[in-house]
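[1] heads up, no residue letters with this:
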Ligand SMILES: C[S@@+](CC[C@H](N)C(=O)[O-])C[C@H]1O[C@@H](n2cnc3c(N)ncnc32)[C@H](O)[C@@H]1O
């Protein structure tokens, strides 16, 4: 390998180049193939040459992926510059002569790309093209770092794999609907250990591309390689965010497990939308999926129902009592009681509960992954309207979710509902600091307003009002209202104190 040390130009002579089918031109095998890095008139460029007609890729929109120790693939989505220079779109398969050549090339690619990203693209009018991705725009860097660090660890992937309700539902949804996978191109969005890619390979798809942003991508490659019968179908484990990477082919079907489960303590937390990974799933749809393609899962539903549970209400109300001490080693703590009270009640409670404590049937909010706009997930407003079936005190709003795999053969649901086999998502309850009484037939109205924030979670504003009941109810007046704000990321885990409920 010859490496020119010029800081703005490097050249690599390699073993062979071959253009995959979607490439725009073919190569001549007669000359030694070379790859050059340029930084020409403000645009960083990657040039592949093997004969008279070079292929120019805009480095900014190019990606390289290692397929093996001496084999890589370069993908470029193509672009035009203000100088009307048109950069190619396509795929190049690169064969290096040895591992060291491959390492050097990848290092140079990273260095050139880094230089480009840190400096931005200088346009002739002095402006800089922003090279930040949609993910980076929305998500705080510290949150993303912690998030991908968490998922980069095998033990957390193991937790998900050991949730047999979850994993067996995915397996059944794929295998029972093999007709949807056979001969198709599949993209696994947030592949983790690669388990869903391997399921899809079992169902007989044509090619699968697994996209994973965390270090887990390396383990996924290893796991896939050690399952040789299936690995032939898994073309590529792409390490990067679905918002940023390129995929060599458009997909007929997307598979993903994007249902939120993380908290600030990085243990599981529920409610479908937490983690904000649904947004990445929708972005992947817009970037990679054919317009008539399928999504597994296809839609999700958030269910909500008022709940009566004196015991947990008292448990939470007791916690801030510590701060009511006026003589704690001679110190009056009461100044902080109000803040502590607010803090405890702003934590949604995560555990599994007895569905018999639900006061009325749930209302549901449907999110159709195949049609929703990504921006529609930034703010979700669900109107609430219930008619109580019993006379009781309402302490909280219970929430859970399910998702549908809308297969051509079998429609399969994965549910986290109370009473169904417990999953690692459990259920979520927002406890009202001011519970209220309802009588049978009395109407409760309100809304659940969920607003996304940059630490990959949501703030929940809950308002519930008991309407007039009995004589004068037709005037529609409100008897009592309870409102509170919850932070989905700061939840209170009661799983260790979970009771074994017998379900009728
Ligand atoms: C809930 S886990 C599911 C893992 C695996 N698919 C499974 O079912 O066991 C979600 C995975 O998606 C990855 N992920 C989240 N957001 C991503 C993004 N924007 N781009 C690529 N990967 C992402 C995480 O690192 C994590 O490994």
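    Cool, the structure landed. Here the structure is a predicted model, which means the values were calculated and not measured.
[2] my read: residue 208 touches residue 235, true?
    Yes. With contact defined as CB atoms under 8 Å, residue 208 and residue 235 form a contacting pair (6.7 Å). Placement of C-beta: from N, CA and C, glycine included.
[3] what residues does the stretch 201-350 of the chain put near the ligand?
    For the stretch 201-350 of the chain, the residues found near the ligand under the criterion CB under 6 Å from any ligand atom are 211, 212, 213, 214, 216, 241, 242, 243, 257, 277, 280.
[4] Would you map the helices across the stretch 201-350 of the chain?
    Secondary structure of the stretch 201-350 of the chain (DSSP state H, counting those that start in this stretch): helices at 216-225, 228-231, 277-288, 310-318, 337-345.
[5] Mind putting these into TSV with distance to residue 325 and mean pLDDT?
    Formatted as TSV, these follow (distance: least, CB to CB, whole Å; pLDDT from 0 to 100):
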stretch	distance to residue 325	mean pLDDT
helix 216-225	47	95
helix 228-231	62	90
helix 277-288	43	96
helix 310-318	13	89
helix 337-345	9	92
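[6] most packed of these?
    Mean neighbours per residue, mean count of other CB atoms under 10 Å, is largest over these for helix 277-288, with a mean of 22.
[7] Now tell me what touches it from outside.
    For helix 277-288, the surrounding residues in contact (CB atoms under 8 Å, 6 or more residues apart in numbering) are 134-135, 138, 187, 189-190, 211, 241-243, 247, 250-251, 254, 256, 258-260, 272, 293, 295, 300, 367, 369-370, 372-374, 377, 452.
[8] mind redoing it with 6 Å?
    187, 189, 242, 243, 247, 251, 256, 258, 374, 377 (CB atoms under 6 Å, 6 or more residues apart in numbering).
[9] now residue 424, what's its secondary structure?
    Following DSSP: H, G, I helix; E, B strand; the rest coil, we place residue 424 in the coil state.
[10] That one and the ligand, how far apart?
    10 Å (CB to the nearest ligand atom, to the nearest Å).
[11] ok, that residue - how many residues close by?
    17 (other CB atoms under 10 Å).
[12] pLDDT at it, what is it?
    Here, the pLDDT recorded for residue 424 equals 86.
[13] And for the residue nearest to it when sequence neighbours are not counted, the neighbour number?
    Using CB to CB, 6 or more residues apart in numbering and skipping the chain neighbours, the partner closest in space to residue 424 is residue 163 (4.3 Å). Using other CB under 10 Å, the number of residues around residue 163 comes to 18.
[14] Show me which of the residues of the stretch 201-350 of the chain next to the ligand is closest to residue 397.
    Distances from residue 397 to these, taken as CB to CB, are shortest for residue 277 (23.5 Å).
[15] in which helix or strand would I find residue 370?
    For residue 370, there is no helix or strand it lies in under DSSP states H and E.
[16] Any idea which helix or strand in this structure has the lowest mean pLDDT?
    Within the chain, no helix or strand scores below strand 128-129, which has a mean of 41 by mean pLDDT, DSSP states H and E.
[17] low-confidence ranges in the stretch 101-250 of the chain?
    Applying pLDDT under 70 to the stretch 101-250 of the chain flags the ranges 114-132.
[18] Go again with 90.
    Scanning the stretch 101-250 of the chain for pLDDT under 90 picks out the ranges 101-134, 136-137, 204-206, 229, 231-236, 244-249.
[19] mind listing the strands for it?
    Counting by DSSP state E, counting those that start in this stretch, the stretch 101-250 of the chain has strands at residues 121-122, 128-129, 185-189, 207-212, 234-239.
[20] Find the closest residue to the ligand in the stretch 401-504 of the chain.
    Nearest to the ligand, among the residues of the stretch 401-504 of the chain, is residue 456, at 8.9 Å (CB to the nearest ligand atom).
[21] Show me how this protein divides into domains.
    Annotated domains of the chain cover 9-118, 134-257, 300-493 [automatic domain parsing].
[22] what sits against residue 462?
    So residue 462 contacts 397, 430, 448, 484 (CB under 6 Å, 6+ apart).
[23] between these, which has the most around it?
    residue 397 (27 neighbours).
[24] out of everything not next to it in sequence, what's closest to it?
    Using CB to CB, 6+ apart, the closest residue to residue 397 is residue 430 (4.8 Å).
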